[in-house]
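Novice: Okay, here's the prediction I keep looking at, along with the sequence it came from:
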Amino acid sequence: MKSGSQTGGPYKKTAMKIKFSTFLFFLLTVIGIGTMFFLRSYVYADSSGVTISLEANPSGNKGSAKAYDIVLNFTGGSSSEKLDYTKAVVSFNANDMKMTEIALSPSNKLGRVLFQENSEDANSKGKITVEVGALTPGGGPTTDKQLVLGTVQFEGNTSNASFDTSLSQVVNNSSKVIPLTSTPVNSGGGFFSSFISFIRRFLGLK
């Protein structure tokens, strides 16, 4: 019995050492990944959401034509995160009004026009599609402030105008898709809460 107990001792110690070494390796790996994740989030501060709207612009009215700005608003944007690409759609009642002109804003740094609906097609479908990108990667506008994509003008019954606006995709300069809602991507402490929970399970704690 005594010799059996002595034989089992070293095995038990070896198993404990292996378990501790595995835990230590995992801990250092997670800390390294967590540090990179934190630094990347801090530097780029990716937006947690973006919304689009059509806002009246009285200063842009021409005669009977009423002007509206296509506006993007970002949640949690930053001066280091830039917009590289977006595709916006504005739907309207073609029976009540007609689009007469659309002018993309030259100051928004999205000078690469991939697609822009002409008046004839827009009025036949009741839909305006605009697809633009930055001239160079990382050369687009920052996401820390409101962005005006352009101005569109309508003639007709605009007194009770009703529009539907949507975005199909918005991509930033790190090739990440910005969510098309204002719902935060990261909930507070999610990463660290998961990590602590795993450690507790690993150590057999409740």
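Specialist: Happy to help now that I have it. Residues are numbered from 1 along each chain as shown.
Novice: all strands for the protein, in order.
Specialist: Along the chain, the stretches classed as strands by DSSP state E are 49-56, 66-75, 83-92, 97-104, 112-116, 127-133, 147-156, 163-172.
Novice: Look up the closest residue to the spatially most central residue of the chain, ignoring the ones flanking it.
Specialist: Centroid-nearest residue in the chain, with C-alpha atoms, centre = their mean: residue 178, separated by 1.3 Å. Take residue 178 and drop its neighbours on the chain: the residue closest to it by C-beta to C-beta, 6 or more residues apart in numbering is residue 170, 4.4 Å away. In short, each C-beta sits where N, CA and C put it, glycine included.
Novice: If I look at that neighbour, what pLDDT would I see?
Specialist: Here the pLDDT value assigned to residue 170 is 88.
Novice: which ones are touching it?
Specialist: Contact partners of residue 170, counting by C-beta atoms under 8 Å, 6 or more residues apart in numbering, are 50, 72, 83, 85, 86, 177, 178, 180.
Novice: ok, and the most crowded of the residues you listed?
Specialist: Of all the contacts of residue 170, the highest neighbour tally under other C-beta atoms under 10 Å goes to residue 83, namely 28 neighbours.
Novice: Tell me what it is bridged to.
Specialist: As for beta bridges, residue 83 partners with residue 172 under DSSP bridges.
Novice: tell me the pLDDT at it?
Specialist: As predicted, residue 83 sits at a pLDDT of 91.
Novice: What distance do you get for it to residue 73?
Specialist: The gap separating residue 83 from residue 73 is 12 Å, by C-beta to C-beta, to the nearest Å.
Novice: list the residues that contact both of those two?
Specialist: In contact with both residue 83 and residue 73: residue 147, using C-beta under 8 Å, 6+ apart.
Novice: Show me how the chain divides into domains.
Specialist: The chain breaks down into these domains under automatic domain parsing: 2-44+187-202, 49-172.
Novice: before we move on, back to that, looking at the strands of the chain, which is closest to residue 140?
Specialist: strand 83-92 (4.2 Å; C-beta to C-beta).
Novice: Tell me which other helices or strands the closest one touches.
Specialist: On a contact count with 3 or more C-beta pairs under 8 Å, 6 or more residues apart in numbering; DSSP states H and E, strand 83-92 meets strand 66-75, strand 127-133, strand 147-156, strand 163-172.
Novice: Between strand 147-156 and it, find me the angle.
Specialist: 20 degrees (axes from the mean of the first three to the mean of the last three C-alpha atoms, to 10 degrees).
Novice: ok, back up a step: lowest average pLDDT across the domains of the chain?
Specialist: Across the domains of the chain, domain 2-44+187-202 gives the lowest mean pLDDT, at a mean of 58.
Novice: Could you check how far the residue nearest to residue 178 is from residue 72?
Specialist: From residue 170 to residue 72 the distance is 8 Å (C-beta to C-beta).
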